[in-house]
Structure formats: structure tokens, C-alpha cells
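Q: Pasted the sequence and its predicted model underneath.
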Amino acid sequence: MEDKKRGAERTQPATRDEFWTDERIQSFLGMLPPEGVPADYHVLLKAYRGMLPDAFERFVPFFVEAGRDINVKLGDGSTFLDHVARHRKSVPYMEILEAAGAVRSR
């Protein structure tokens, strides 16, 4: 397996100030999870990893309106908000999730 590339080793440049259409944001709702991962958790994780806070803030209402579970839990009982809360620069994402009704399990 290839090691994770860092900084200048990356072949795809980071994109900033990119406009995300509603269609692109909503396309995350159709992502299929790997076996053993709850679909709603997988979709939230992909959106969290792939979007800056402004796009994520637009994504969450689409997620909720689609009837998805903002408080989906993993097998250990942890919620997606528990996962996000462990990250250093996650405050904007946490605030977006909490405004949509997300709670921590602990």
C-alpha cells in the first residue's frame, strides 16, 4: 500500500474558494457505505472530510430534509458529533451539527 502523501508530494492541488452547487452538495447523499458502517454516518463523514464549513452548513439541511439521522450511532454507541468533537479545528462543524439537533453520546 502506498504511504499517505503530504504537502508538495500531493498530485492533486488543494482547492480553495471553490463554489459548490446545490447539486454537488446533494450528491453526497447518494454515497454508499462500506460494509458494517451505517449509511448516514458514512455520508456525514464524507461530507465533513470533503467540505469546508460553508458547504457543510448548506449540506446538513439537505441531509436532515432527506430523513437522514443526524444522531446516527456506531456500534460502540458514539455519534457523529462525538467523532467531530475529537478534532482540533472542528468547532464550526460542531456548531452546524448542534444547530441541526446533533448530540453527543457521552
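A: Okay, I see it. Numbering: from 1, shown residues only.

Q: Please tell me how far the spatially most central residue of the chain sits from residue 75.
A: Centre of the chain computed as the mean C-alpha position; nearest residue by CA atoms, centre = their mean is residue 48, 2.3 Å away. Spatial separation of residue 48 from residue 75 under the definition CB to CB, to the nearest Å is 19 Å. For every residue, glycine as well, the C-beta is placed using N, CA and C.

Q: before we move on, what about residue 95?
A: Residue 95 sits 27 Å away from residue 75, taking CB to CB as the criterion.

Q: out of the two, which sits in the busier spot?
A: Using other CB atoms under 10 Å, the more surrounded residue of residue 95 and residue 75 is residue 95, with 13 against 8.

Q: Just to be sure, the more buried one is in a strand?
A: No: under DSSP: H, G, I helix; E, B strand; the rest coil, residue 95 sits outside any strand and is assigned helix.

Q: Can you pull out the low-pLDDT segments for the protein?
A: Low-confidence segments of the chain, defined by pLDDT under 70: 1-17.

Q: For the nearest residue to residue 68 once chain neighbours are set aside, which residues are in contact?
A: In this structure, residue 68 finds its nearest non-sequential neighbour in residue 40, 4.8 Å apart by CB to CB, 6 or more residues apart in numbering. Neighbouring residues of residue 40 by CB atoms under 8 Å, 6 or more residues apart in numbering: 63, 68, 69, 70, 72.

Q: hmm, 10 Å instead?
A: Contacts for residue 40 (CB atoms under 10 Å, 6 or more residues apart in numbering) come out as 29, 33, 63, 66, 67, 68, 69, 70, 71, 72, 73, 80.

Q: Got a ChimeraX select line for the buried ones in the residues you listed?
A: Buried residues among these (16 or more other CB atoms under 10 Å), as a ChimeraX selection:
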select :29,63,68,69,70,72,80
